[in-house]
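>>> output the structure for:
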Amino acid sequence: MPSSSRQVALITFDDVQVLDVTGPAAVFGAANDAAGHAFYRVHILSPQGGPVTSNCGLAVVTRPLASVKPGAMDTVLVAGSSRRSLQALAQDRDAQAWLQRACARARRYGSVCTGAFALAACGLLDGKRVATHWEATDILGRRHPAVDVDANALYVEDGRVWTSAGVTTGIDMCLALVARDLGDAVANAIARRLVLYARRPGYQSQFSTVLAAQEKADSPFARLVDWIRTHLDGELDVASLAERAGMSPRTFHRRFTDALGETPARFVETLRLDHARTLLQTSMALKTVATQTGYATAGQLSKAFARRFGVSPGLFRAMHAEHAE
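Numbers count the residues shown, from 1 in each chain. Predicted coordinates:
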């Protein structure tokens, strides 16, 4: 193993959410393949070492924390687990001491899902803006008032601290970590290899507009919502959507709004602007972004984008380009 490999510690506990471990591990492993050498060395650790039983019954083989020098870690990430296991950590002084030393010396540290509770219990999130699973945001905020909990973000970077929401968002966050280390081209290649629909930016909400709509909508609207998502560059006015749904425009507008909680126009605009934010992370020309998201001109996109997000597409792109440097 090359001495230049960056050491990554993934901390686990009993009842761990297995994707909180395997997702990040797969990303770092794929990064090594894409880089052509062992850029990362991943250590899967637990307080005592040995097999750790995940929440789905799979056993994860781990090494004890004490087997690795905390000062040697470049990146430390704590996986999510059950409340019982996280409470046990709060009573494990040796594990807490290792975690505090490792995070103090690491280039960056963070958590996936409810792993944020472990870091917060060690005082490692005080004064930081963080993400965690949406079901746990209120609890984390109440237990640790010094922590600024972002209830919506997929993942958050605040200085050296990176935290993500539940399960698959750990993959999104680790792709961002790899992009920071090895560049967007490598991260995009990993995303393709893992057959991901898209690399999701951290600012994207945990609450997928499409999934929320499909949960709320009855079967005809669920199919329509999926069709809208794949035809954002087309004609999506009320008359066209009503015809596809087999309803009069007035009936469609009323039933759609009742089922999804927002008008068809607002819903379509939300999907289009979310997709525009993703495309603005690339080098695609603004005119092309507008065309692919259903706006006739770049000016129309800019007006809608600024109205919704308070910044122009150009400024949004510049801000995120600077952040990635």
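
>>> Asp126 and Pro145 touch, don't they?
No: if you go by CB atoms under 8 Å, Asp126 and Pro145 don't touch, sitting 9.5 Å apart. All C-beta spots, glycine's among them, are computed from the backbone N, C-alpha and C.

>>> go ahead and confirm Leu10 touches Thr75.
No: contact between Leu10 and Thr75 fails when scored by CB under 8 Å: they sit 9.1 Å apart.

>>> quick one: which of the two has more around it?
In this view Leu10 and Thr75 are compared by other CB atoms under 10 Å, and Leu10 has more residues nearby, 28 against 24.

>>> where does the prediction get shaky in the stretch 101-250 of the chain?
Within the stretch 101-250 of the chain, the segments meeting pLDDT under 70 span 195-220.

>>> which of Asp126 and Pro145 has more neighbours?
Legend: neighbour count by other CB under 10 Å for Asp126 and Pro145, higher for Asp126 (13 against 10).

>>> next one: that one from Ala120, what distance?
8 Å (CB to CB, to the nearest Å).

>>> who touches both of the two?
144, 147 (CB atoms under 8 Å, 6 or more residues apart in numbering).

>>> what mean pLDDT does stretch 48-61 have?
The average pLDDT for stretch 48-61 rounds to 93.

>>> pull the distance from that stretch to the chain's centre.
Chain-centre distance of stretch 48-61: 24 Å, with CA atoms, centre = their mean, to the nearest Å.

>>> pull the longest helix from this protein.
helix 18-35 (DSSP state H).

>>> helix or strand right after it?
Next along the chain after helix 18-35, taking DSSP states H and E as the criterion, comes strand 40-46.

>>> that next one to helix 18-35, inter-axis angle?
Counting by axes from the mean of the first three to the mean of the last three CA atoms, to 10 degrees, strand 40-46 points 160 degrees away from the direction of helix 18-35.

>>> using CSV, list the CA coordinates for strand 40-46.
Below are the C-alpha coordinates for strand 40-46, written out as CSV (Å, rounded to 0.1, in the frame of the first residue of the first chain):
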residue,chain,number,x,y,z
TYR,A,40,-7.4,6.0,-0.4
ARG,A,41,-7.0,3.3,2.2
VAL,A,42,-10.3,2.5,4.0
HIS,A,43,-10.4,1.3,7.6
ILE,A,44,-13.7,0.0,8.8
LEU,A,45,-13.6,0.3,12.6
SER,A,46,-15.7,-0.2,15.7
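
>>> please identify the buried residues of the helix or strand following it?
Downstream of strand 40-46, the next assigned helix or strand under DSSP H and E is strand 50-53. For strand 50-53, a neighbour-count test (16 or more other CB atoms under 10 Å) marks Val52 as buried.

>>> helices and strands around strand 50-53, which ones?
Packing contacts for strand 50-53, counted by 3 or more CB pairs under 8 Å, 6 or more residues apart in numbering; DSSP states H and E, involve strand 59-64.

>>> quick one: buried residues of the strand it packs on?
Neighbour-count burial for strand 59-64, with 16+ other CB under 10 Å as criterion, is recorded at 60, 62.

>>> partners of it in the sheet?
When sheet partners are counted by DSSP bridges, strand 59-64 sits next to strand 40-46 (parallel), strand 50-53 (antiparallel).

>>> take those strands and write them to JSON lines, including distance to Thr263.
Formatted as JSON lines, the strands paired with strand 59-64 follow (distance: least, CB to CB, whole Å):
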{"stretch": "strand 40-46", "distance to Thr263": "47"}
{"stretch": "strand 50-53", "distance to Thr263": "48"}
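
>>> of all those, which one is nearest Ala131?
strand 40-46 (22.0 Å; CB to CB).

>>> tell me the buried residues in that closest one?
In terms of neighbour count (16+ other CB under 10 Å), strand 40-46 has its buried residues at 40-46.

>>> about what we covered before: Thr168 is nearest to which of the strands paired with strand 59-64?
From the strands paired with strand 59-64, taking CB to CB, the stretch that ends up closest is strand 40-46, at 18.4 Å.

>>> just the residues contacting the closest one, thanks.
In contact with strand 40-46 (CB under 8 Å, 6+ apart) are residues 1, 5-13, 21, 25, 28-29, 31-32, 52, 60-65, 67-68, 73.

>>> re earlier: can you give me the mean pLDDT across the longest helix of the chain?
pLDDT averaged over helix 18-35 gives 94.

>>> so what does that helix touch, helix or strand wise?
Taking 3+ CB pairs under 8 Å, 6+ apart as the contact cut, helix 18-35 packs with strand 6-11, strand 40-46, strand 108-112, helix 169-182, helix 184-193.

>>> out of the ones you listed, which is closest to Thr163?
Among the helices and strands packed on helix 18-35, strand 108-112 sits nearest to Thr163 (CB to CB), with 4.9 Å.

>>> can I get the helix or strand just after that closest one in PDB? Just the C-alpha atoms.
Per DSSP H and E, the first helix or strand lying C-terminal to strand 108-112 is helix 115-121. The C-alpha coordinates for helix 115-121 follow below in PDB (Å, rounded to 0.1, in the frame of the first residue of the first chain):
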ATOM      1  CA  GLY A 115     -23.800   9.300  13.000                       C
ATOM      2  CA  ALA A 116     -24.100  13.000  13.700                       C
ATOM      3  CA  PHE A 117     -25.300  12.100  17.200                       C
ATOM      4  CA  ALA A 118     -22.000  10.400  18.000                       C
ATOM      5  CA  LEU A 119     -20.000  13.500  16.900                       C
ATOM      6  CA  ALA A 120     -22.400  15.800  18.800                       C
ATOM      7  CA  ALA A 121     -22.000  13.800  22.000                       C
END
